[in-house]
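Asker: Sharing a model prediction with you, sequence too.
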Amino acid sequence: MSRFLHARILVAAGLVLATAAALVVWDGATPAQDKRATEAGLEQARGLSLAFRKAAHTILPSVVTIETEVKAREVDADEMPENPFKGTPFEDFFNDRDFPFRRLPRQIPRQEGMGSGVVIDASGIIVTNYHVVANADEVLVRFADGHQAKAKEVRTDRESDLAVVIIDPPTQLTAARWGDSAELEIGDWVLAVGNPFGLESTVSAGIISAKGRDPGFNQRKTYLQTDAEINPGNSGGPLVNLEGEVVGINTAIATNTGAFQGVGFAIPSNLAQWVVSQLVARGSVQRAWLGVGIQPVDAALSKQLGIEPGRGVLIAEVRPGTPAAEAGLQEQDVVLEFAGTPVRKPRDLQEVVERSKPGERYRIKVLRDGKTLELTVVLKPLEPGAIAPGVAGAWVGTSEFADAA
């Protein structure tokens, strides 16, 4: 279960006091010096405690519980899975057409789910994860003060794993403030807030462990990594800085047990804002498309190409009839910059292209045969459903689901 805020503060205070005590013994300090060192350590611990408290008090009124229900239904033969013996010696005996169980209707039981969310507009706009509300027939938003409201509309973006839940406010709502995830540095303190295991308004503290992390469960996105505890029920809740600003949306953990093991992931707030603003304005997310297959420049390639390792991405394929082909990009080109943004790895290029505006002209800097060239490209809209995010077995979303009678 999550470490509660006061427990983390006591540990921090203990570490400070232990360090101060060790210094006193080593230096042979006088009792007066010992007292001053202890008071200084306590003052530092109180300052950290106060910062945690202020951030928690700022964000907690904006955090909600999201409960979902998928109603029981009967699945007919057309919706049943294919022959489970496909690819085995029994495939012909139980072929798809004659497989007897496919002709029998199946009852899917009612399911209930739970996650977290954060109010980002007092008019009744709440952000959560796509996987919290996916396929739900009913979505209920519960507030810490006891008020609740049914969702009147849910808008989702599967590719980013984000969703917007729109309600008629049952009371005066407090909207959270967005922070700038680009300003975060490794080692910065953050708080993860949500409802792990149904325990409402739980706050856990940790640091930013890494930025731009590619954990493998989304083909085209990078995440903030944190050791602030994230558990089932935390999905969709905010990750906040010490000012109480939302710098991430808690999404998943790396685990071998199903419980938190010190590695959690949050969608950076700058990406979340970009997606959410489009969901609110138009109900869907428009992404741009270049039309190339790319790969990282590893040590062997960098030596062959005469560039520094980790600088640029190699174009392995240029698809016909795409913006890349029309701009004159070629296989074996190394993309160094797009629209003035340095490109160091494939996701750098994917993210800057996707967030660009289709129909507009952009400069792209490439290395070709040892020479640097600048080309102009006009991007096109990425067709919906063209990208399907992948999910790897050891990475799990942190919402709770259960069958219900």
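Answerer: Cool, the structure landed.
Asker: Could you give the number of residues near the nearest residue to residue 356 once chain neighbours are set aside?
Answerer: Excluding the flanking residues, the one nearest residue 356 by C-beta to C-beta, 6 or more residues apart in numbering is residue 288, at 4.6 Å. Just so you know, the C-beta spots here come from the backbone N, C-alpha and C atoms, and that holds for glycine as well. With neighbours defined by other C-beta atoms under 10 Å, the count for residue 288 comes to 21.
Asker: repeat for residue 115
Answerer: Neighbours of residue 115 (other C-beta under 10 Å): 29.
Asker: how about the residue nearest to residue 356, what does it touch?
Answerer: 353-358, 379-382 (C-beta atoms under 8 Å, 6 or more residues apart in numbering).
Asker: Considering those residues, which possesses the most neighbours?
Answerer: Counting neighbours by other C-beta under 10 Å, residue 353 comes out on top of these with 27 neighbours.
Asker: quick check: longest helix of the protein.
Answerer: Ordering each helix of the chain by length in residues (DSSP state H) puts helix 31-59 first.
Asker: Centroid-nearest residue for this protein?
Answerer: Centroid-nearest residue in the chain, with C-alpha atoms, centre = their mean: residue 267, separated by 2.6 Å.
Asker: tell me which element the residue lying closest to that residue once chain neighbours are set aside is part of?
Answerer: Spatial nearest neighbour of residue 267, excluding adjacent residues (C-beta to C-beta, 6+ apart): residue 249 at 4.4 Å. Assessed by DSSP states H and E, residue 249 sits inside strand 246-254.
Asker: Quick one: mean pLDDT over that strand.
Answerer: Mean pLDDT, computed over strand 246-254, is 95.
Asker: All the helices of the chain, residue numbers only.
Answerer: 5-27, 31-59, 130-133, 269-282, 299-305, 323-327, 346-354.
Asker: what's the angle from the last one to helix 269-282?
Answerer: Compare the direction of helix 346-354 with that of helix 269-282 by axes from the mean of the first three to the mean of the last three C-alpha atoms, to 10 degrees and you get 30 degrees.
Asker: Can you list the residue ranges for strands in the stretch 101-250 of the chain?
Answerer: Along the stretch 101-250 of the chain, counting by DSSP state E, counting those that start in this stretch, strands occupy 106-108, 111-121, 125-128, 138-143, 148-150, 153-157, 162-166, 189-194, 202-213, 223-226, 238-240, 246-254.
Asker: Adding distance to residue 307, write the ones you listed out as JSON lines.
Answerer: Putting those into JSON lines (distance: least, C-beta to C-beta, whole Å) gives the following:
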{"stretch": "strand 106-108", "distance to residue 307": "54"}
{"stretch": "strand 111-121", "distance to residue 307": "42"}
{"stretch": "strand 125-128", "distance to residue 307": "40"}
{"stretch": "strand 138-143", "distance to residue 307": "50"}
{"stretch": "strand 148-150", "distance to residue 307": "55"}
{"stretch": "strand 153-157", "distance to residue 307": "35"}
{"stretch": "strand 162-166", "distance to residue 307": "35"}
{"stretch": "strand 189-194", "distance to residue 307": "35"}
{"stretch": "strand 202-213", "distance to residue 307": "20"}
{"stretch": "strand 223-226", "distance to residue 307": "27"}
{"stretch": "strand 238-240", "distance to residue 307": "36"}
{"stretch": "strand 246-254", "distance to residue 307": "32"}
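Asker: which stretches of this structure have low pLDDT?
Answerer: Applying pLDDT under 70 to the chain flags the ranges 1-28, 75-105, 218-220, 384-405.
Asker: So what are the structural domains in it, by residue number?
Answerer: 1-72+109-285+394-405, 288-381 (automatic domain parsing).
Asker: Endpoint to endpoint, the last one covers what distance?
Answerer: In this case it means domain 288-381. In domain 288-381, first residue to last residue: 5 Å (C-alpha to C-alpha, to the nearest Å).
Asker: Compare the helices of the chain and report which one is nearest to residue 338.
Answerer: helix 346-354 (5.1 Å; C-beta to C-beta).
Asker: count of neighbours near residue 165?
Answerer: So residue 165, with other C-beta under 10 Å, has 28 neighbours.
Asker: any idea how far it is from residue 132?
Answerer: Between residue 165 and residue 132 the computed distance is 9 Å (C-beta to C-beta, to the nearest Å).
Asker: Common neighbours of these two, please.
Answerer: With C-beta under 8 Å, 6+ apart as the test, residue 165 and residue 132 both reach 66, 117.
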